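# Sequence first, predicted coordinates after that:
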Amino acid sequence: MDVQNELEKMGLKLGEVEKYIEDMGYFKGKADAVVLAKSTEDVARVVKFANEREIPIIPWGRGTSVTGAVTPIKGGIIIDLSSMNRIIDFSDEDWIVHVEAGAILDEINAFLRPRGFFFPPDPASSFMCSIGGATSEGSGGMHCVKYGTMKDWVLAMKVVLPDGSTVTVGEPLHKNRVGYDLTHLMIGSEGTLGVITEVWLKVVPIPGYKIKRVLTFFDSEEDIGRTIINLRKNRVQPEIAEYMDLKVLEAVKSSFNIETHGVGALLIDVPEFEIEKLNLSLSNPSFVKVADSEEEKEELYKARSYAYLAVKTLAKYAMSEDVVVPISKLPKVFKKVRELEEKYGMKCPMVGHIGDGNLHPIILYDDASKDRAESFFRELCIYVIDEGGSVTGEHGVGIQKREMAIRQIEEHNGRPLLDLMKEIKLVFDKKKIMNPYKQVV
Ligand SMILES: Cc1cc2nc3c(=O)[nH]c(=O)nc-3n(C[C@H](O)[C@H](O)[C@H](O)COP(=O)(O)OP(=O)(O)OC[C@H]3O[C@@H](n4cnc5c(N)ncnc54)[C@H](O)[C@@H]3O)c2cc1C
């Protein structure tokens, strides 16, 4: 069957398949067609068509996945939701914004800011990723150390289920205890349970207090880990707490006015009234730079946001880990990453939302060193699982972490939980058409 032809006959607009088959983590696949959806009805028609013919469906937000989550493995129809990007409604009484799934996060915030509000989860890709993609990935970001991740901000969503029917999951209410919590089941499900077409988000007023942005350099990663532990002991709640090592700082330096000292730096925002406690928490800082102006603050924030893209230019390929460990174990994990760097003879620049214990060691490799990079990746995942951590804090499982995520569930939660997840998948999607071979199902 000529799938493209059939979809065209249904009056649907199609895209160029070649533009969609590789995500930003270099995971490449193949697809039969791309539908440029304009409405929930378009999505429902495509899903129904696919369900009847058992054709895979891959929801596509903006394609910034770095794990292969959005890569079609066995062909099928990609549904591109990027044209469904309207802000449908906003209430400064309810503090809720209702948007279409293709809306870009920064554009939602550009709408909210003049109204005195903001939507906190801010993945470093917020200038290009969609709210539907971020919801499906359960994404995090810089402000999540204080405000939490997508799971803490999505109240409800409109979803096209795998049989083509449309439902609203959850309620646009700040409290709701009716039925099982399927909203949280959908968040982080990576397009394996349905296609999200609209989302209702909580928003909050922009804080009224002044925030200080401080870039502090250190001569050892032990001191960097120690500083985060000290912040916790001193009961300081940072607004952001980010790490960039020297290789990352050097990479972003060509595009941003940023200094480099020591082995790396912490970028920390605290309310002005907490600055003394922040200073007390710094463990042997070698250089401290307080941003003097709003422009300088913005420059430092952007430098951190662009870190992954800057690091990607340093080698043919970059493989990003996304490990999370208890904060108390940060110094040990730093040491492990550097040991593995040495063992495998590979460069591994590191960034991370360190305030959450979430690190992104980015393994640089080329065609000749791909196997070594994968062994490095695997060994770090196994180490982190054994230390009681997680192999992904926000990037999701995708294809990249399937094996390791299954191992984590088996070791931490038990095989019956994994079986239950597989059964849940079948309840939603009997024919297994939704984004097959992703996540752990
Ligand atoms: C430079 C860079 C920095 C990044 N920084 C971060 C970061 O700080 N934190 C973080 O969490 N992630 C980060 N990421 C990863 C990625 O950007 C995020 O996970 C992002 O939220 C994905 O959004 P997207 O719209 O591009 O989704 P896509 O890549 O298009 O899709 C991601 C997944 O969601 C599914 N999906 C997409 N839209 C829908 C929908 N409407 N309904 C159902 N399923 C859907 C897809 O099928 C896929 O499984 C980064 C990526 C890059 C390239």
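The structure has been received and is ready for your questions.
# Close to the ligand: what parts of the stretch 1-150 of the chain are there?
Neighbours of the ligand within the stretch 1-150 of the chain, by CB under 6 Å from any ligand atom: 23-24, 58-66, 69-70, 81, 101, 123-125, 129-130, 132-134, 136-137, 139-141. From N, CA and C alone the C-beta is placed, and that goes for glycine too.
# In strands, which of those fall?
I58, P59, W60 (DSSP state E).
# what residues are up against the first one?
When the contact criterion is CB atoms under 8 Å, 6 or more residues apart in numbering, the partners of I58 are A31, V70, T71, P72, G76, I77, I78, I79, G191, N435.
# Look at the fifth one and say how many residues are nearby.
The tally of other residues near G76 (other CB atoms under 10 Å) stands at 23.
# Pop out the phi and psi values for it.
phi 120, psi -170 (degrees, to the nearest 10).
# Can you name the residues that contact it?
For G76, the contact set (CB under 8 Å, 6+ apart) comprises A31, D32, A50, I55, P56, I57, I58, I433, P436.
# which non-adjacent residue is nearest I21?
G29 (5.3 Å; CB to CB, 6 or more residues apart in numbering).
# hmm, who's touching stretch 219-235?
216, 218, 238, 241, 243, 245, 262-264, 266, 268, 277-278, 280-286, 327-328, 330-331, 333-335, 338, 354-355.
# Quick check on the residues you listed: which are buried?
Neighbour-count burial (16 or more other CB atoms under 10 Å) applied to the contacts of stretch 219-235 gives 216, 218, 238, 241, 243, 245, 262-264, 266, 268, 277-278, 281-283, 285, 330-331, 333-334, 338, 354-355.
# A373 in helix, strand or coil?
Classification of A373 using DSSP: H, G, I helix; E, B strand; the rest coil returns helix.
# got the contact list for it?
A373 touches Y317, M319, Y344, M346, I363, L364, Y365, counting by CB under 8 Å, 6+ apart.
# shaky segments in the stretch 1-150 of the chain?
Along the stretch 1-150 of the chain, no part satisfies pLDDT under 70.
# As a check, name the ranges of all helices in it.
3-9, 40-53, 105-112, 131-137, 144-147 (DSSP state H, counting those that start in this stretch).
# which one of those helices is the most hemmed in?
helix 131-137 (a mean of 30; mean count of other CB atoms under 10 Å).
# What are the contacting residues of that one?
Residues contacting helix 131-137 (CB under 8 Å, 6+ apart): 59, 61-62, 64-65, 69-70, 81, 99, 101-105, 108, 121, 123, 139, 150, 154, 157, 186-191, 196-197, 199, 201, 394-396.
# before we move on, back to that, among the buried ones among the contacts of stretch 219-235, name the ones in helices.
Those of the buried ones among the contacts of stretch 219-235 mapping onto helices are K277, L278, S281, L330, P331, V333, F334, R338, per DSSP state H.
# Report the residue ranges of every domain in the protein.
In the domain annotation for the chain, the residue ranges read 3-80, 87-205, 208-314, 315-424 (automatic domain parsing).
# what residue is smack in the middle of the protein?
Closest to where the C-alpha atoms of the chain average out (CA atoms, centre = their mean) is S139, at 3.5 Å.
# thinking it is in contact with A124, fair?
No - taking contacts as CB atoms under 8 Å, S139 lies outside contact range of A124: 9.8 Å.
# returning to what we had before: burial of the residue nearest to I21, as a residue count?
20.
# Looking at the stretch 201-350 of the chain, which residue is nearest the ligand?
For the stretch 201-350 of the chain and the ligand, the shortest gap (CB to the nearest ligand atom) falls at Y308, measuring 4.0 Å.
# Can you tell me what sits against stretch 267-285?
207, 209-220, 223-224, 226-227, 230-231, 233-244, 288, 300-301, 304, 355.
# now it: mean pLDDT?
For stretch 267-285, the mean per-residue pLDDT is 97.
# Just the CA atoms of that stretch, as CSV, please.
Extracted in CSV, the C-alpha atoms of stretch 267-285 (Å, rounded to 0.1, in the frame of the first residue of the first chain):
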residue,chain,number,x,y,z
LEU,A,267,26.2,28.8,37.8
ILE,A,268,24.0,29.5,40.7
ASP,A,269,21.0,31.8,41.1
VAL,A,270,19.9,32.7,44.7
PRO,A,271,17.6,35.3,46.1
GLU,A,272,19.6,38.3,47.1
PHE,A,273,18.8,37.7,50.8
GLU,A,274,20.6,34.3,50.5
ILE,A,275,23.9,35.5,49.1
GLU,A,276,25.8,35.3,52.4
LYS,A,277,24.7,31.7,52.9
LEU,A,278,25.8,31.0,49.3
ASN,A,279,29.2,32.4,50.0
LEU,A,280,29.5,30.3,53.1
SER,A,281,28.6,27.2,51.1
LEU,A,282,31.3,27.6,48.4
SER,A,283,34.0,25.0,49.0
ASN,A,284,37.5,26.4,48.1
PRO,A,285,36.3,28.6,45.2
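# near the ligand, which residues of the stretch 201-350 of the chain?
Y308, L309.
# For the stretch 201-350 of the chain, which segments are assigned as helices?
221-233, 246-253, 275-281, 294-305, 307-312, 330-344.
# Could you pull up the residues touching the closest residue to the residue of the stretch 201-350 of the chain closest to the ligand other than its chain neighbours?
Nearest non-adjacent residue to Y308, counting by CB to CB, 6+ apart: A124, 6.2 Å away. By CB under 8 Å, 6+ apart, A124 lies in contact with G141, M142, R304, S305, Y306, A307, Y308.
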